[in-house]
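**Student:** One predicted model, sequence on top.
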Amino acid sequence: MALVDTLLTLSKFFQLVSALVVIGLLLAFSFLLPDDNGKLRKKQLDLRKIGSAAAIAWTVFSGTLILVSLANVLGTSIAQVIDPTMLRSYTTQVVLGQSQLFEFIAAVIIAIFFSRVTKSSHSTILLLAAITALIAPVFQSHSAEAGSHALAVGSLVIHVIAISLWAGGLIAVGLIEESDRQIAVIRFSKLALWAAIAVTASGAISAWVRLNFVSAIGTIYFNLIVIKSVATLVLIYFGARHRKNLANKVIDWREFSKLAIIEVAVMVFAVAIGAWLNSNQPPQRSVPINSTLGIEIDGFFLGGSLLAIALYLSAMNVLRKRGDRWPKFRFALFLISVLAINYASSSGLGLYPTYKFSDHMITHMVMGMIAPIGIVLSAPITLALRTLPSNKASGEFGSRGLLLSLLHSKYAKVISNPITALAIFDGSLFVLYFTPLFGNLMANHVGHLFMNLHFILAGVLFYHVVIGVDPNPFNPPFIVRLAILLAAMSIHAFFSVALMSTTTLIDGGYYLSLGNPFEIDLLSNQQLGGAIGWAMSEIPVLIALVAVFIMWMQADRNEAARIDRKSARSIAMGKNDDLGDYNKYLADLARRDQESNE
């Protein structure tokens, strides 16, 4: 067993390091290095060999980790678990094995396609896939066993994402040629600052939620936490030194390189400590945080909301420094919407939907129908387009070009079609609630998170199509928007009535499996959820109808003003203008009538 424990820690360490190299290079290809109108330059293409080798190593160590983890679970040697039947059972029936298999398959796919990456947009897609693969096992780690699992798992997910971008970016900067390193370091410095804040905050929250500090003091686990915390503070110190160096007009790259080498060494050490911690069971809290506070805080939504608000404020600050203004009411709408999402996920509503369908439906309505209205009207895409750096002069695609290419893509045109948006918004309700999918998603943290994200994104897409002020590839006429809203109202009413009329439970036994702690009539509560869905869906749709009428009248006024200006310019320049001729004709008729009356 000692050998298995050692191999478990080593496998996790080398798996994580190889994944960080892959993520770092994909990050460099996507955002840190200049491209050639969206295509990777020769120096970047040369780095693909290193990335491909790292992706292959990630695949090998991911596969090794499956074997070692199974041996650790069964308390046997590795030789005894090399059995197809045993491996198939572990990777298909055990949740931990499923998440490890997911990471292994993702690593295989990334290894296959890494050497074929030729565009920055392609590397961005692979980057998202790599981060998703890296965080998959987090949902089944020791944090998932904590009483406040939503806060513990959410904070750890943010922690892993932030440290992968931070550590991966550092490694990538070291692998980049010196001629490209300056621009990459300047760009990475901003990202590293955000990542350092996220790593520190999420790490502190994760430790606070999971650890019983009284019983943990003096244990190896506690000492490792202290060592890792000190290493993180050292990294933040080096980051501050880097930013001070970059602020100078003349950068001392020799000193910078020395600091970078030490920083990478400390980062690798911190990653090794993290791998060791992940292989050991922490001393758990005797009383979970959610029991103490009486609420369930979702770390993922809380952290994501804070990041979204910070990015929005940062973009507004960019405009302010430029001398431009951004309407404050749009930020107010954005802030209210984000707070509404957090209320639905991290208050009492974050706790009770797990046990009561009626509370789940309230959460659904807030996330899917109320909060998206403010998000759409806050115009986040327009704000991003106005503040993201544009490097067209140098022929670089950049993050702004990536956003524009997404807006003009065939995919965007398909999903922004009103029929598609309506199908996703309302059609998905019947697929979710009248199939076994609902019970399956509610039964695990990943499924519940996916469901809530779907509610938010489906709502944002729908309202973007009907009342959005951001660029829309489809841009339907206002009469079509009204028709879509009326159809959505009717479909949602039909769905709610169908729920109210149910005679059997639709959760596949999920709520009953929890023991029904509130001792409620589950069927009556389910029918109450249908009534809540009907009542809460009417007001947001009516608000959207009013918004469409206002936008329609505003568009007509703008069009009339535009025509009048065009006519005035034509008359002033002595040119014939149809509208001007028609107005002149009407004026002549009025004058003749006046003369005849006299």
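**Tutor:** Looks like it came in fine. Numbering: from 1, shown residues only.
**Student:** shaky segments in the stretch 201-350 of the chain?
**Tutor:** By pLDDT under 70, the low-scoring segments of the stretch 201-350 of the chain are 207-208, 210-225, 235-264, 266-295, 348-350.
**Student:** at 50 instead, please
**Tutor:** 249, 291-292 (pLDDT under 50).
**Student:** Excluding its own residues, what touches the one helix or strand Leu311 maps to? List them.
**Tutor:** Assigned by DSSP states H and E, Leu311 belongs to helix 299-322. Residues outside helix 299-322 that contact it (CB atoms under 8 Å, 6 or more residues apart in numbering) are 150-158, 194, 198, 201-202, 205-206, 325-326, 331, 334-335, 338-339, 341-342, 345-346, 378, 380, 383-384, 386-387, 449, 452. No exception for glycine: its C-beta is placed from N, CA and C like everyone else's.
**Student:** Show me where the stretch 101-250 of the chain has its helices.
**Tutor:** Along the stretch 101-250 of the chain, the stretches classed as helices by DSSP state H, counting those that start in this stretch are 120-135, 149-175, 178-210, 213-216, 220-247.
**Student:** Residues touching the first one, excluding its own?
**Tutor:** For helix 120-135, the surrounding residues in contact (CB under 8 Å, 6+ apart) are 16, 19, 22-23, 26-27, 29-31, 35, 38-40, 102-103, 106-107, 109-110, 113-114, 116-117, 157, 160-161, 164, 397, 402, 405.
**Student:** what are the phi and psi angles of Glu519?
**Tutor:** Backbone torsions for Glu519, taken as degrees, to the nearest 10, come to phi 50, psi 50.
**Student:** For it, give me its contacts.
**Tutor:** With contacts defined as CB under 8 Å, 6+ apart, Glu519 has no neighbours.
**Student:** where does this structure have its least confident helix or strand?
**Tutor:** helix 289-293 (a mean of 51; mean pLDDT, DSSP states H and E).
**Student:** on that earlier part again, kindly reformat the helices of the stretch 101-250 of the chain as JSON lines containing distance to Thr354 and mean neighbour count.
**Tutor:** Output for the helices of the stretch 101-250 of the chain, formatted as JSON lines (distance: least, CB to CB, whole Å; neighbours: other CB atoms under 10 Å):
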{"stretch": "helix 120-135", "distance to Thr354": "22", "mean neighbour count": "21"}
{"stretch": "helix 149-175", "distance to Thr354": "9", "mean neighbour count": "25"}
{"stretch": "helix 178-210", "distance to Thr354": "17", "mean neighbour count": "18"}
{"stretch": "helix 213-216", "distance to Thr354": "27", "mean neighbour count": "13"}
{"stretch": "helix 220-247", "distance to Thr354": "29", "mean neighbour count": "16"}
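**Student:** for those, which one sits closest to Ile370?
**Tutor:** Of all these, it is helix 149-175 that lies closest to Ile370, at 21.0 Å by CB to CB.
**Student:** okay, the angle between that closest one and helix 178-210?
**Tutor:** For helix 149-175 against helix 178-210, the angle by axes from the mean of the first three to the mean of the last three CA atoms, to 10 degrees is 160 degrees.
**Student:** when you give positions from now on, start the count at 32
**Tutor:** Let's use 32 as the start, then, which means that last one is helix 180-206.
**Student:** What is helix 180-206 packed up against?
**Tutor:** helix 33-58, helix 151-166, helix 209-241, helix 284-309, helix 320-324, helix 330-353, helix 476-498 (3 or more CB pairs under 8 Å, 6 or more residues apart in numbering; DSSP states H and E).
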